[in-house]
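Peer 1: What would the 3D arrangement of this be:
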Amino acid sequence: MRSTGVTERNQKGWEFRLCDELVAASLALAYSGRTAHHREFTEHTFHLAVMVEPYLEWILQGRKTIESSFSMRRIAPYGVVERGDWLALKRSSGPVVGFCRVAKVQHHELDVEAQVRIRDQYSLSLCADDSAFWRARWRSRYVTLIHIGEVHRLPPLQCAKRDRRGWVVLSNKTQGQKIGVASHRDCRWNREWKIYNRAGSCGLF
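Peer 2: Got it, this is the predicted structure:
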């Protein structure tokens, strides 16, 4: 029993560390004048979205403005992500390379009519005009449409996630408030942003 508890704490550890890193990054962005929303990092929920290319890069470029999650069951992000929440964007089998703010959320139960309506209305914003995209999701019963607000690139941030979940709720609002207090004392991101900004790699869309 003890070893199981240790394993669970270790698994949760990377989630708390990642939250702390993201809050610290938001403070660095605020200090550099790139965002005015750093306080809201401690007032909304953090999520981790694992994404594949080219969709991830299209979000960072501002080309893809809606992210979708189709499923057979009511699993995250269905019913758990809200307007104002923040998404850490993790490359599949790679680091976290950005984060974005949720501008609007739509949760839908799907039937054939709803599938067709969503495809007709949102294909362009989803960057999903390929028929193979929709065929692969035709049997889904639920979908979450996440309208993306401001987007920030990050220097690659390693994440010790080892499980196969494509979506992780990293913290609730109370946890975010506790994490934010510690992050005020972290100046490492200020140094990293200076280096990253000089390289011309930081983007805000």
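
Peer 1: show me where this structure has helices.
Peer 2: Along the chain, counting by DSSP state H, helices occupy 2-31, 55-61, 112-126, 131-135, 173-183, 188-198.

Peer 1: Give me the helix or strand of the chain that scores worst on average pLDDT.
Peer 2: helix 173-183 (a mean of 43; mean pLDDT, DSSP states H and E).

Peer 1: before we move on, back to that, and the helices of the chain, which one is worst for confidence?
Peer 2: Looking at these, the lowest mean pLDDT belongs to helix 173-183 (a mean of 43).

Peer 1: Tell me who's in contact with the most centrally placed residue in the chain.
Peer 2: The residue lying closest to the centre of the chain (CA atoms, centre = their mean) is Leu87, at 2.2 Å. Contacts for Leu87 (CB atoms under 8 Å, 6 or more residues apart in numbering) come out as 47-49, 67, 81, 99-102, 146, 148. For glycine as for every other residue, the C-beta is placed from the backbone atoms N, C-alpha and C.

Peer 1: tell me the angle the strand ranked longest in the chain makes with helix 112-126.
Peer 2: In the chain, taking DSSP state E as the definition, the longest strand is strand 142-157. Strand 142-157 runs at 20 degrees relative to helix 112-126, counting by axes from the mean of the first three to the mean of the last three CA atoms, to 10 degrees.

Peer 1: other SSEs contacting strand 142-157?
Peer 2: Contacting strand 142-157 under the criterion 3 or more CB pairs under 8 Å, 6 or more residues apart in numbering; DSSP states H and E are the following elements: helix 2-31, helix 55-61, strand 66-71, strand 96-109, helix 112-126, helix 188-198.

Peer 1: list the buried ones in it?
Peer 2: 142-155, 157 (16 or more other CB atoms under 10 Å).
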